[in-house]
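Q: Compute the structure for the input listed below.
(chains A and B)
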Amino acid sequence: EAGVAQSPRYKIIEKRQSVAFWCNPISGHATLYWYQQILGQGPKLLIQFQNNGVVDDSQLPKDRFSAERLKGVDSTLKIQPAKLEDSAVYLCASSFIMTGELFFGEGSRLTVL
Amino acid sequence: RKEVEQDPGPFNVPEGATVAFNCTYSNSASQSFFWYRQDCRKEPKLLMSVYSSGNEDGRFTAQLNRASQYISLLIRDSKLSDSATYLCVVNVNTGNQFYFGTGTSLTVIP
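A: Just a heads-up that it's a prediction; the model follows:
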């Protein structure tokens, strides 16, 4: 079974530039999550989708971050404009049922200079 | 207050040692509990779920104390391959959010 796919794996940008990350969850997983993991910290939930609807985006910095999951499958997370403190690994995860195991992608490592 | 609190460590233990990690959670509505393992520069992966009655998987034992809102993970006979960060995870059904602790770093020394 194919796992959660994410791209790009690495991205280096300068502050105030924009960046987009893509995620393709495991087939059949209705719930999709984006997490931000800063070095030395645990993953922090940014946004959670159930199919193509947003369940929770309370911790998403909406002035600069946006995410969508238009067809209930793939998802894109965008940052515009980026700040130095956005340097982190952006992890996408999916689960089959609401309280099921989370399956993570390998993450997209962002460095903002 | 953080949803999940863990001692970040690091824990440096010799091979064969027994080590225990603790975690507390703040939301009494939490329903599901997990331990995830994260290797350096890798994604988190499920180690084990934690059940009210306690559960064991080989050298790993997880326990839950709902009254104290406390979760533990015990690793017996530590192996070099156990070196990783162990993340305590709590699911709150009301919003179906998964909250992660900061993780506890373990290094097993030969």
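
Q: so who does B:P44 touch?
A: With contact set as C-beta atoms under 8 Å, 6 or more residues apart in numbering or on different chains, B:P44 has these partners: A:43, A:91, A:102, A:104, B:36-38, B:87, B:100. C-beta here means a position set from N, CA and C on the backbone, and glycine is covered the same way.

Q: Please apply the same query to B:Y51.
A: Counting by C-beta under 8 Å, 6+ apart, B:Y51 makes contact with B:62, B:64.

Q: Read off the pLDDT value for it.
A: Per-residue confidence (pLDDT) for B:Y51: 85.

Q: Backbone dihedrals for it, both of them.
A: phi -110, psi 160 (degrees, to the nearest 10).

Q: Quick check: it vs B:E3, distance?
A: 20 Å (C-beta to C-beta, to the nearest Å).

Q: Any residues of chain B in contact with chain A? List them.
A: B:4, B:6, B:8, B:31-32, B:34, B:36, B:42-46, B:49, B:87, B:89, B:91, B:93, B:95-103 (C-beta under 8 Å from any C-beta of the partner chain).

Q: Could you give the number of residues near the closest residue to B:E43 other than its chain neighbours?
A: Distances taken as C-beta to C-beta, 6 or more residues apart in numbering or on different chains place A:F104 nearest to B:E43, at 3.8 Å, with adjacent residues excluded. When neighbours are defined as other C-beta atoms under 10 Å in any protein chain shown, A:F104 has 23 of them.

Q: Might one say that A:F104 is in contact with B:L46?
A: No. Under the criterion of C-beta atoms under 8 Å, A:F104 makes no contact with B:L46, lying 9.4 Å away.

Q: Show me what the helix or strand of chain B with the lowest mean pLDDT is packed against.
A: Lowest by mean pLDDT, DSSP states H and E among the helices and strands of chain B is strand B:97-100, with a mean of 88. When contacts are defined as 3 or more C-beta pairs under 8 Å, 6 or more residues apart in numbering or on different chains; DSSP states H and E, strand B:97-100 sits against strand A:44-50, strand B:84-92.

Q: what residues does the shortest one touch?
A: Counting by C-beta under 8 Å, 6+ apart, the neighbours of strand A:44-50 from elsewhere in the structure are A:30-38, A:54-57, A:59-60, A:65, A:67, A:69, A:72, A:75, A:77, A:90, A:98, B:96-100.

Q: per-residue confidence averaged over that strand?
A: Mean pLDDT, strand A:44-50: 94.

Q: swap in stretch B:34-43?
A: On average, stretch B:34-43 scores 95.

Q: From the opening residue of that stretch to its closing one, how far?
A: End-to-end distance of stretch B:34-43 (C-alpha to C-alpha, to the nearest Å): 15 Å.

Q: Could I get the buried residue list for it?
A: Neighbour-count burial for stretch B:34-43 flags B:34-38, B:43 (criterion: 16 or more other C-beta atoms under 10 Å in any protein chain shown).

Q: and what of stretch B:89-98?
A: For stretch B:89-98, by 16+ other C-beta under 10 Å, it's B:89-92, B:96-98.

Q: Which two among those residues are spaced furthest apart?
A: The largest separation in the buried residues of stretch B:89-98, counting by C-beta to C-beta, is between B:V89 and B:N96 at 12.8 Å.
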